[in-house]
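**Q** Predicted model, plus sequence, below.
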Amino acid sequence: MDTYQIPYVRIALFLAVTIPSVLSQCNTPVHLYAHHGTSETITSPNYPFNYPSSSDCQWLIQAESSSSTIGVVFSFINTESFFDKIRIYDSNTPGANLLTTIFGSTTNRYYESTGEYLYIRFTSDNAVEKSGFSLQYFSLFSTVIGQRQGLPCYALSNRHTITLTVTLSIQQTLSTFPDTYSGNDYCYWLVDTGAGNFLNISILVTDDEYGTNPGGLTVYDGNSASATVLGTVSDKSQTESGSVVFGTSQQYAFFVYHRQSISQYRGFLLSFNKVGSPPAQVAPPPTISPSVVNNTCGNELLSSDNITNYVTSPNYPLDYNSHSSCVWTIRATNESMVIQLTFEAINMESCCDFLYVYDGETADYTLLGTITGNYYNSSGLPVYRSTGSALRLHFVSDERTQQTGFKVGFLSIPPEIPSCVDQATTTILNASYSVQTFESHPEFSTSQNYNNSYEISWLIVKPKESDILSLQFTVFNLEYSMNCVFDNVTIYKGACSSDPLAKTMCGSLGDSFTYSTGKFLLVRFKTDISVTDRGFSISYVLLNSTSTDDTSSSGLPDYVRYTIAGVFTAIFVIGTLCLCVCCCRKLCPKTASLKSVAKSDMKRNLILTNTNKPKTIKVPRKKMKRSKYGNKVTIDDPKFPLAGPGITPVAPPFPLDLKDKVVGEKSTDTPKTLPPIKEKKVRKPKKDKAERIQSDGLSEDSSATILDHDSPIDFATIPPPFEYKTPFG
């Protein structure tokens, strides 16, 4: 593997260095000639797609005459800022009389030479490439001799008439050209060539843009606006490929120009000249319809059946933004139509930026295509058609390289029959809200059976996808077989036999079927080589219901049947649960659970809870004998006397405070109750009264305290404390 790695790297480096210089193909200066009556176009290599890196393109433009000048209008500029540049020189050599240097992104730039020559040079570095530029150039008459005139804007009542007495060419512009105009009005001019003469008109350039308030120049073949329209130029795209030419059929031409309210346009430049014979017929200018270009990031759009509208990537024709995620939903205004997408430009980062086309309103529909990369010719641009009345476009970009994106037109068109349909054996039926009928075979009306080895299909087309189609089998008699393997009728949810199967039927029945998905329903009838029968008759009609589910032979829509079944199921489940609860209350034994244990004055309460009625039961404990030493210390059996004759003192497990306590005195403190000791204690025989009195050092009638606090206690003889546990631990 290592032996091939170095040659591979060398080849890759060689290609990276040599290919751009081959692709640019514009290192040698090109000598071009400009004319007064026409405009020509110059673009960067590969425009509107990315130009190559390391480009060096040069053009020398020469005017038609030595007294004329060169005019240049840039309709579009998009280059890498500061690095890829367009330089314009007011001379016939580069490096002399630099007029301007242009880079970055902009539109509608106008430049004019002072002499006969203009030199243009475009250079790019070896890094970022963009879509480049497009410009129109033309030769301009000198204003000194009056062959180039600026026309003031005249109202209709004061329209200006230009009378041509010579055959010289005249160039006309707005009086503000090349500056931008202002105002929102109409301008009118009349050109008269004299009896027997005709006018040849060439619109060299316009920078207007068609929008919601379109402007533009309209030319009439006569002396008023009621004459025949020769053409309208209202968008700069109409002259980007060259000038637009008209010719009159008589001596007059009437011009009407609509100035837009936005002060960003220069207007037009046109050239005309008088001729003695009608000009040759030329193709009309490209039609500019009142289309809408949507360059926002996502929208709900409507598609018309006679106007092509457009969707573009954000900022088009400039670069789209990074981290874009734009969704457009396109719907046909007429739901019986489908939508056709026609791409006009695609320029995206091929690895990471994509446009997804779905055959419906959401991403759950079929993905028709994924668009990315660059398309350099119109023949390679894709075209898509939906199967229904809606399409979804989803554009995503990453954080890296940005390009100009895409421009795609959308138009509503009538649906086409899918190619999988054999129209030689398939009858096309258009469903409507009127009941229609078809039979299994032509002889059905005469009660004659169908033939053996017979096969025929019917394709029912709905006007729109949301329509509900109902089929009713008024007569149905076919040969019966298990799984309908002999003679059968099959219904498919689509136009092709590869679409989902809805039903397969045979035998004798009267059935109905409702279909609501898609635009097509295919019904196919096929027989075998033996038994025949009368056949069938099917009526079909569109319903007003908004159901979207099929029905079974009951005639009820599935959603109705499912709802009824769901209600009964819920009632059954709830009833079963209630029955179980009632049975448990009556039959199940009462159970008790320990709720809490309370202790007070050596007694504990045990709370038993029944499922029917809570009840508190007090469980008595063995009554503890009260110590004669008071209630300060209470210990369960056996008792632990603290001192006395013959008794070994035992250290208590907690501090004692017996000072000033007398026998029989009730303690006001809350007794501390200790649990019973685990180990079994052996009771010692009780002493008689005399022994106890002697051990305590008291007489029978003595009222002295129980303990003598002044007597010393030998703690060395006290054993360790006994172990105990609390009731709760």
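**A** Looks like it came in fine.
**Q** contacts and neighbour counts: CA atoms only from here.
**A** Noted.
**Q** Tell me, how many residues neighbour Ile330?
**A** Residues contacting Ile330 under the criterion other Cα atoms under 10 Å number 22.
**Q** Three-state assignment for the closest residue to it other than its chain neighbours, please.
**A** The shortest distance from Ile330 to any residue that is not its chain neighbour, by Cα to Cα, 6 or more residues apart in numbering, is 4.7 Å, and that residue is Leu301. Under DSSP: H, G, I helix; E, B strand; the rest coil, Leu301 falls in the strand class.
**Q** need the contact list for Leu301.
**A** Contact criterion Cα atoms under 8 Å, 6 or more residues apart in numbering gives 328-331 as the residues in contact with Leu301.
**Q** Would you mind measuring from it to Pro415?
**A** Distance of Leu301 to Pro415, computed by Cα to Cα, to the nearest Å: 19 Å.
**Q** just Met505 next, same as before
**A** Between Met505 and Pro415 the computed distance is 30 Å (Cα to Cα).
**Q** ditto for Asp305
**A** Relative to Pro415, Asp305 is positioned 12 Å away (Cα to Cα).
**Q** pretty sure Val338 is touching Thr387, no?
**A** Yes. The criterion here is Cα atoms under 8 Å, and Val338 meets it with Thr387 at 6.2 Å.
**Q** Compare those two (neighbour count), which wins?
**A** It is Val338, of Val338 and Thr387, that has more neighbours when counted by other Cα under 10 Å, with 25 against 21.
**Q** what's the distance between the more buried one and Val311?
**A** Val338 sits 17 Å away from Val311, going by Cα to Cα.
**Q** cool, Leu140 as well?
**A** The spacing between Leu140 and Val311, counted by Cα to Cα, is 37 Å.
**Q** Check Pro29 too.
**A** With distances defined as Cα to Cα, the gap from Pro29 to Val311 amounts to 38 Å.
**Q** and the two? which has more neighbours close in?
**A** For Pro29 against Val311, the residue with the higher neighbour count under other Cα under 10 Å is Val311, and the figures read 25 against 14.
**Q** my read: that one touches Asn299, true?
**A** No. Under the criterion of Cα under 8 Å, Val311 is not in contact with Asn299, lying 9.6 Å apart.
**Q** Now do the contacts for Pro500.
**A** Contacts for Pro500 (Cα under 8 Å, 6+ apart) come out as 492-494.
**Q** now those residues as a markdown table including pLDDT, neighbour count and secondary structure?
**A** Formatted as a markdown table, the contacts of Pro500 follow (pLDDT from 0 to 100; neighbours: other Cα atoms under 10 Å; DSSP: H, G, I helix; E, B strand; the rest coil):
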| residue | pLDDT | neighbour count | secondary structure |
| --- | --- | --- | --- |
| Tyr492 | 91 | 20 | strand |
| Lys493 | 87 | 21 | coil |
| Gly494 | 86 | 22 | coil |
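**Q** so where do the helices sit in the chain?
**A** Secondary structure of the chain by DSSP state H: the helices cover 2-24, 558-587, 689-696.
**Q** Can you tell me which of these has the worst average pLDDT?
**A** Note on the helices of the chain: helix 2-24 shows the lowest mean pLDDT, a mean of 30.
**Q** Give me the contacts around stretch 74-85.
**A** Outside stretch 74-85, the residues that reach it (Cα under 8 Å, 6+ apart) are 101-110, 122-125, 128-136, 207, 236, 240, 318.
**Q** how about 7 Å then?
**A** Stretch 74-85 is contacted from outside by 101-110, 122-125, 128-136, 318, using Cα atoms under 7 Å, 6 or more residues apart in numbering.
**Q** Kindly report the same for stretch 408-427.
**A** Outside stretch 408-427, the residues that reach it (Cα under 7 Å, 6+ apart) are 303-305, 307-312, 332, 337-344, 456-459, 495-496.
**Q** next one: stretch 317-334
**A** Identification of contacts with stretch 317-334 by Cα under 7 Å, 6+ apart yields 78, 105, 297-304, 313-314, 338-339, 361, 389-400, 402-405, 412.
**Q** how about 8 Å then?
**A** Stretch 317-334 has contacts (Cα under 8 Å, 6+ apart) with 78, 105, 297-305, 313-315, 338-339, 361, 389-405, 412.
**Q** By neighbour count, sort out the buried ones in those residues.
**A** 78, 105, 297-298, 301-305, 313-314, 338-339, 361, 389-398, 401-405, 412 (16 or more other Cα atoms under 10 Å).
**Q** Tell me which entries of those residues lie within strands.
**A** In strands, defined here by DSSP state E, the members of the buried ones among the contacts of stretch 317-334 are 78, 105, 301-303, 338-339, 390-396, 405, 412.
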